[in-house]
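Colleague: heads up, no residue letters with this:
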């Protein structure tokens, strides 16, 4: 080639510019995960799905190039997918036991928010909120109380004309953290339930119809006059289901709400600041405003991973959830985490690694 010609000079200049552009692009791509488009995949709890949907939207809006795909498949399903390594994180309404942890890769269980498990019902003609004691709830879900005219239910609701209907129990058919919280409560208040059924994400129900997810239980209750079930509060609100007030140990009938869940958290604050895996159901009588069927929910996060970009994005997402995302949780009637639990979370977040090294 004649490099002295004008045309050759233009070609050389163009090739030089292309080489410089490629070099700059390479430098940018190697400068860190923040310059990459990353999609995180998560799965699990239906209980937390309403706030998780908001968290994923807000996080993506604040962090262009980073997105989160969350599948609401139940806590049990989320745990299974974390175990199989098919998701970047799971969400569960119950903390894994030491026995369960032994079947998992090393994971961190990070409290993300808290909320009430509410009792919903379908009683035509009953306009004021139903009151239910622990004795009534255990009797209904054990199959011992079969009609709404039962004296135990009537005792909780003096002056209320209850319909002459059979009780139709709805419960979860899938592995569920909501079930774990509810059955933990039943085991705490009913020795008979504890002996016959026990607690856990999946139990052998003495009676009732199964529905998949909180959506399935909600549908069962809506279509069954006389129906009763348990779901996360926002599902009942969105579907305009009636919500019962539950008698706590102080003898007060308390409605599920952010405030009454916060009262339950406060009642167990010394305990959960040290170990948030312990349940917060059936708060003592010294907490008269506490809703008795409350639960913390958890992110189940692999401690280590191989993809630097994903691990950096995941750490950033979790950091957002336990800080700025708590205000979003409160707006949806979840209870924000207390400061002690936030600090506990921060210690766990700092333990996340990529290929055995701290995440940058």
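Modeller: Received, thanks. Since the model is a prediction, treat every value here as computed from it, not as a measurement. Numbers count the residues shown, from 1 in each chain.

Colleague: next one: phi and psi at the residue positioned nearest the centre of the chain?
Modeller: A centroid search over the chain (C-alpha atoms, centre = their mean) returns residue 48, at 3.2 Å, as the residue closest to the centre. Main-chain dihedrals, residue 48, degrees, to the nearest 10: phi -90, psi 0.

Colleague: ditto for residue 42
Modeller: Torsion angles, degrees, to the nearest 10, at residue 42: phi -130, psi 160.

Colleague: show me where the stretch 251-360 of the chain has helices.
Modeller: 258-267, 269-274, 308-322, 325-331, 339-349 (DSSP state H, counting those that start in this stretch).

Colleague: give the contact list for the residue nearest to residue 82 when sequence neighbours are not counted.
Modeller: With sequence-adjacent residues excluded and distances taken as C-beta to C-beta, 6 or more residues apart in numbering, residue 82 is closest to residue 90, at 4.1 Å. For every residue, glycine as well, the C-beta is placed using N, CA and C. Counting by C-beta atoms under 8 Å, 6 or more residues apart in numbering, residue 90 makes contact with 42-44, 75, 78-79, 81-82, 299-301.

Colleague: can you give me the strands in the chain?
Modeller: In the chain, the strands defined using DSSP state E lie at 38-44, 66-72, 89-92, 107-121, 131-132, 168-172, 209-211, 227-232, 242-243, 245-247, 253-254, 294-302, 353-354, 357-358.

Colleague: would you mind putting those strands into JSON lines with distance to residue 311 and mean pLDDT alongside?
Modeller: Shown next, in JSON lines, are those (distance: least, C-beta to C-beta, whole Å; pLDDT from 0 to 100):
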{"stretch": "strand 38-44", "distance to residue 311": "10", "mean pLDDT": "97"}
{"stretch": "strand 66-72", "distance to residue 311": "12", "mean pLDDT": "97"}
{"stretch": "strand 89-92", "distance to residue 311": "11", "mean pLDDT": "96"}
{"stretch": "strand 107-121", "distance to residue 311": "12", "mean pLDDT": "96"}
{"stretch": "strand 131-132", "distance to residue 311": "46", "mean pLDDT": "98"}
{"stretch": "strand 168-172", "distance to residue 311": "32", "mean pLDDT": "96"}
{"stretch": "strand 209-211", "distance to residue 311": "36", "mean pLDDT": "94"}
{"stretch": "strand 227-232", "distance to residue 311": "30", "mean pLDDT": "95"}
{"stretch": "strand 242-243", "distance to residue 311": "40", "mean pLDDT": "96"}
{"stretch": "strand 245-247", "distance to residue 311": "41", "mean pLDDT": "98"}
{"stretch": "strand 253-254", "distance to residue 311": "42", "mean pLDDT": "98"}
{"stretch": "strand 294-302", "distance to residue 311": "9", "mean pLDDT": "96"}
{"stretch": "strand 353-354", "distance to residue 311": "4", "mean pLDDT": "98"}
{"stretch": "strand 357-358", "distance to residue 311": "10", "mean pLDDT": "96"}
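
Colleague: okay, domains of this protein per the record?
Modeller: As recorded under automatic domain parsing, the domains making up the chain are 37-114+296-358, 116-294.

Colleague: quick one: the first one to chain centroid distance?
Modeller: From the chain centre to the centre of domain 37-114+296-358 is a distance of 10 Å (C-alpha atoms, centre = their mean, to the nearest Å).

Colleague: what do you get for the last one?
Modeller: Between the centre of domain 116-294 and the centre of its chain there are 17 Å (C-alpha atoms, centre = their mean).

Colleague: number the chain from 191, please
Modeller: With the count now opening at 191, the last piece we talked about shows up as domain 306-484.
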